[in-house]
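> Sequence and predicted structure below; questions after.
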Amino acid sequence: DAGLITPIGNWVLRQACRQAMDWPQDTTVAVNVSPVQFRQSDLHGVVMAALEESGLPPHRLEIEITEGVLLAETEETLATLRRLRAAGVRIAMDDFGTGYSSLVYLQKFPFDKVKIDRSFIRNLEADPSAAAILRAILRMSQALGLRTLAEGVESAEEAEMLRQEGCEAAQGFFFAPPLPPEELARLLAQPELVRVAQRALL
């Protein structure tokens, strides 16, 4: 409402790209872009400038968008996403499964990844329907060649269920809470801890 989301979002993007340069070269950084930021700025230009300024290779940046970006769908919106993807930037659909048109958007744009909303993960053990929906999302994503990431994983049991169903990646408190950059750098520098996280799904 204050009109600050665009300059703040652009600042976050620049900072994230700079910070990622201090991490291992096989580490990517994901940045969420709000619908307002998408509409009010030249997102392609902003992203390219952040990459050039930081020196981060495009393939190490992932832009996350929600259905809100695509609700007011225009050819210009899709063209911007295509230009970013053509430059090597990865595009992910965030909070997949919570909107009304997610499947339609998967037809309209070749996303690299879908992030499965935590509302399905939270009820995995207690709600058979949540498990069935998760399974359907994973099978559909595999058929379309999309990578999958589950949000909000908080227990070893949830991670194991996701592994059994073939989910490729996950995030949540089971792996680590949100960390300041310097603490995350120390975590990434400890291969044994990273292997524990990888074994949870691989």
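In hand now; what should we look at? Residues are numbered from 1 along each chain as shown.
> so what's Glu125 closest to, chain neighbours aside?
Glu157 (6.1 Å; Cβ to Cβ, 6 or more residues apart in numbering). Bear in mind the C-beta positions are built from the backbone N, C-alpha and C, glycine included.
> Let me know the pLDDT of the one you found.
As predicted, Glu157 sits at a pLDDT of 89.
> Which stretches in the chain count as helices?
5-20, 35-40, 43-54, 67-71, 75-86, 102-108, 118-122, 128-144, 156-165, 181-188, 191-199 (DSSP state H).
> so the residue nearest to Glu125 touches Ile121, yeah?
No. In this structure Glu157 lies outside contact range of Ile121 using Cβ atoms under 8 Å: 10.9 Å.
> Which one's more surrounded, these two?
Between Glu157 and Ile121, counting by other Cβ atoms under 10 Å, Ile121 is the more crowded of the two (24 against 12).
> contacting residues around the more buried one?
By Cβ atoms under 8 Å, 6 or more residues apart in numbering, the residues touching Ile121 are Ala130, Leu134, Ala150, Glu151, Gly152, Val153, Glu158, Leu162, Gly172.
> ok, of the residues you listed, which come out buried?
Neighbour counting by 16 or more other Cβ atoms under 10 Å classes Ala130, Leu134, Ala150, Glu151, Gly152, Val153, Glu158, Leu162, Gly172 among those as buried.
> quick one: pLDDT of the closest residue to the second one other than its chain neighbours?
Counting by Cβ to Cβ, 6+ apart, the nearest residue to Leu134 once its immediate chain neighbours are dropped is Phe120, at 5.0 Å. With respect to pLDDT, Phe120 scores 83.
> Which of the buried ones among the contacts of Ile121 sits closest to Trp11?
Closest to Trp11 out of the buried ones among the contacts of Ile121 is Glu151 (24.1 Å), distances taken as Cβ to Cβ.
> wouldn't that closest one be in contact with Lys113 here?
No. Applying Cβ under 8 Å as the test, Glu151 and Lys113 come out as separate, 11.7 Å apart.
> Tell me where the model's unsure across this structure.
71-73, 99-102, 191-202 (pLDDT under 70).
> ok, the strand of greatest length in the chain: who's next to it in the sheet?
If you go by DSSP state E, the chain has its longest strand at strand 90-96. Sheet pairing for strand 90-96, assigned by DSSP bridges, gives strand 61-65 (parallel), strand 113-116 (parallel).
> Ala20: which of these is closest?
That would be, of the strands paired with strand 90-96 and by Cβ to Cβ, strand 61-65, which comes in at 7.5 Å.
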